[in-house]
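# Give me the fold of what follows.
(one chain, ligands or ions: 1)
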Amino acid sequence: MWLQRVGRSLGQGRRHLSAKIVKGTSIEVQPEDGESAATMTFPGVWLRDNCRCAVCFHGSSKSRRLDWDAFDTRVRPLSVRSDKAAGQVHVSWSDAHESSYTLAWLRQRSFDTQRQRSYLEDFYRPSTRHWAGAEFEQIAQHFDYEQVMAEDASLKQWLQALAVYGVALLRGAPLDEGVVRRLAERVGFIRRTTYGEEFIVQAKPGAQNFAYLSLPLPLHTDLPYYEYKPSVNILHCVVQTKSRGGSNLLVDAFHIADRLRSQHPEDFERLCRIPVDWNDIGSEDGREFHNIWRAPVICLDAEGKYARINHSVPQRDSHFSVPLEEVEPWYESYARFVRLARDDAHAFKTRPGDVLTFNNIRLLHGRTGYDDTEQNSRYIVGAYLDWDIIYSRLRVLKKHAPPPANKS
Ligand SMILES: [Zn+2]
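All right, here's what the predicted structure looks like:
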């Protein structure tokens, strides 16, 4: 694990340390004698930009305070000297400044691809593991609600599972309406939407939202019509219907996208490229709303990884603002995506006291229909959390957690 390797390297570095200027602009640091693999190269401009002195860096806010209006991107190291005892590298620069860096700090920021990957996948955001519906029982982890509320180690495990698999189940929650808020506040704070902070999913006549009916609810992501979509769904089952229906349906849409990418690359390309108008029109608590956001079904990030998935049949606008010739092929590609997802959906029924948590911008969720009568009702309390808040909490938990036993 990243943090651990960093810790381990602290002591080792003091034994040997050398540094030299290479190619006129970079600095090569050699922490251990005779091991060329351990050599680290740092561009001078980056080192100068990240000088740790009090003029260039504000320690208590951990922020750069360097005057960038005067920053010379052609700055060059004039001399470099290593201090083995202190485990530090000192640099004199062409702009008449001097900087010092500890070996531990340099190691953590090494441009070595292995080190960078470890930082990105262990600390920045855990790598996702995609799954088929048939694998659901193996990948879905269960946690005890009270334990998550009381113990940081459990909290961390739950959030890690949620990040990696996109779904995790908490069990044994009390049957009061405050559970979702207490759980969200254990992590950070609730993400508010048009539908409020906590929302109740139960059949109601004249519903403003398709989810508030007892009809089958086809697979979808929530609020695709927001640019800033709520990230994680928390659904607390308070009362479960005794009818045969009312099961949750879940699909890992990243897995569906993987299948499209390998088996139907043209459909994949279209669903990544063509923006769809998603919308939601209505009113809640007397306030009228009209939400629209244009985005493809599969959204990729700057590195080509999945950023988010958008899918909702009811919340897809009748406006489709694309060139005419894109329309028919897009329908074929979308129909394939929907078919693959439907065939892969895993159905299961939560019980009173279960809290189902899942990634709303990755998983598709739905519900089978059920009979709603006075004797046979279903009552789910929901809320959203945002990934920014979750990842931040997870990183802080990882920083403060005692290092796990001897595993490099
Ligand atoms: Zn400085």
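# ok, now which ones touch the nearest residue to residue 301 once chain neighbours are set aside?
Of all residues not flanking residue 301 in the chain, residue 307 sits nearest, at 4.2 Å (CB to CB, 6 or more residues apart in numbering). The C-beta positions use only the backbone N, C-alpha and C, and glycine is treated the same way. Residues counted as contacts of residue 307 (CB atoms under 8 Å, 6 or more residues apart in numbering) are 299-301, 361.
# again with residue 233
Residue 233 makes contacts with 222, 356-360, 365, 382, 384, as judged by CB under 8 Å, 6+ apart.
# Point me to the helix or strand that includes the residue in the stretch 301-408 of the chain that the ion sits nearest to.
Using CB to the ion, the single residue of the stretch 301-408 of the chain nearest to the ion is residue 399, 25.7 Å away. Secondary-structure assignment from DSSP states H and E places residue 399 in helix 387-400.
# thinking again about what came up before, which pLDDT does the model give the residue of the stretch 301-408 of the chain closest to the ion?
Looking at residue 399, its pLDDT reads 93.
# Work out the gap between stretch 21-28 and the centre of the chain.
On the basis of CA atoms, centre = their mean, to the nearest Å, stretch 21-28 sits 37 Å off its chain's mean C-alpha point.
# Show me the shaky parts of the chain.
Residues of the chain meeting the criterion pLDDT under 70: 1-15, 33-37, 204-213, 373-375, 402-408.
# That one against the ion: which residues are in contact?
Residues of the chain lying close to the ion by CB under 5 Å from the ion are 51, 53, 55-56.
# so which pair among those is furthest apart in space?
Spanning the widest gap among the residues of the chain next to the ion are 51 and 55, at 7.9 Å by CB to CB.
# Neighbour count for those two, which is higher?
More neighbours surround residue 51 than the other of residue 51 and residue 55, with 19 against 10 (other CB atoms under 10 Å).
# Sketch out the strands for the stretch 251-400 of the chain, chain order is fine.
For the stretch 251-400 of the chain, the strands defined by DSSP state E, counting those that start in this stretch occupy 276-284, 287-295, 298-300, 306-309, 346-348, 355-359, 363-367, 379-385.
# Report the buried residues of the biggest helix by length in the chain.
Ranked by number of residues, the top helix in the chain under DSSP state H is helix 324-344. By 16 or more other CB atoms under 10 Å, the buried positions in helix 324-344 come out as 330, 333-334, 336-338, 340-341, 344.
# got it, and stretch 128-148?
For stretch 128-148, by 16+ other CB under 10 Å, it's 128, 130-131, 133, 136, 139-141, 143, 145, 147-148.
# Contacts only, for the residue nearest to residue 106 when sequence neighbours are not counted.
Leaving out its chain neighbours, the residue that sits closest to residue 106 by CB to CB, 6+ apart is residue 29, at 5.9 Å. Going by CB under 8 Å, 6+ apart, residue 29 touches 17-19, 39-42, 82, 89, 103, 106.
# circling back to that earlier point, contacts for the helix holding residue 399, please.
Helix 387-400 is contacted from outside by 3, 122-123, 125-126, 152, 155-156, 159-160, 162-163, 187-189, 191, 231-232, 359, 361, using CB under 8 Å, 6+ apart.
# ok now that helix, how far from the chain's centre?
Averaging C-alpha positions (CA atoms, centre = their mean) puts helix 387-400 11 Å from its chain's average.
# Kindly report the same for stretch 295-303.
The chain centre lies 14 Å from the centre of stretch 295-303; the measure is CA atoms, centre = their mean.
# cool, stretch 296-304 as well?
In terms of CA atoms, centre = their mean, the centre of stretch 296-304 is found 14 Å from the chain centre.
# Now do the longest helix of the chain against strand 276-284, angle only.
Counting by axes from the mean of the first three to the mean of the last three CA atoms, to 10 degrees, helix 324-344 lies at 70 degrees to strand 276-284.
# Helix 324-344 packs against which elements?
Counting contacts by 3 or more CB pairs under 8 Å, 6 or more residues apart in numbering; DSSP states H and E, helix 324-344 is packed against strand 217-220, strand 248-252, helix 253-263, helix 265-273.
# Tell me the neighbouring strands of the first one, and mark each as parallel or antiparallel.
With DSSP bridges as the test, strand 217-220 is paired with strand 363-367 (antiparallel).
# what's the partner strand in contact with?
Applying CB under 8 Å, 6+ apart, the contact partners of strand 363-367 are 166-167, 211, 216-222, 233, 245-253, 256, 309, 311, 341, 345, 358.
# With stretch 285-294 instead?
For stretch 285-294, contacts defined as CB under 8 Å, 6+ apart pick out 194, 196, 223-227, 275-283, 317, 319, 321.
# Alpha carbons of that stretch, in PDB - could you do that?
The C-alpha coordinates for stretch 285-294 follow below in PDB (Å, rounded to 0.1, in the frame of the first residue of the first chain):
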ATOM      1  CA  ASP A 285     -43.300  21.600  -2.300                       C
ATOM      2  CA  GLY A 286     -44.900  24.200  -4.500                       C
ATOM      3  CA  ARG A 287     -41.700  25.000  -6.300                       C
ATOM      4  CA  GLU A 288     -41.600  24.500 -10.100                       C
ATOM      5  CA  PHE A 289     -38.500  23.100 -11.700                       C
ATOM      6  CA  HIS A 290     -37.200  22.400 -15.200                       C
ATOM      7  CA  ASN A 291     -33.900  20.500 -15.200                       C
ATOM      8  CA  ILE A 292     -32.000  19.700 -18.400                       C
ATOM      9  CA  TRP A 293     -28.500  18.300 -18.900                       C
ATOM     10  CA  ARG A 294     -26.900  17.100 -22.100                       C
END
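# what separates the host helix or strand of residue 100 from the chain centre, distance-wise?
Per DSSP H and E: residue 100 is located in strand 98-102. On the basis of CA atoms, centre = their mean, strand 98-102 sits 34 Å off its chain's mean C-alpha point.
# buried set for that strand?
By neighbour count on 16+ other CB under 10 Å, the buried set for strand 98-102 is 99, 101-102.
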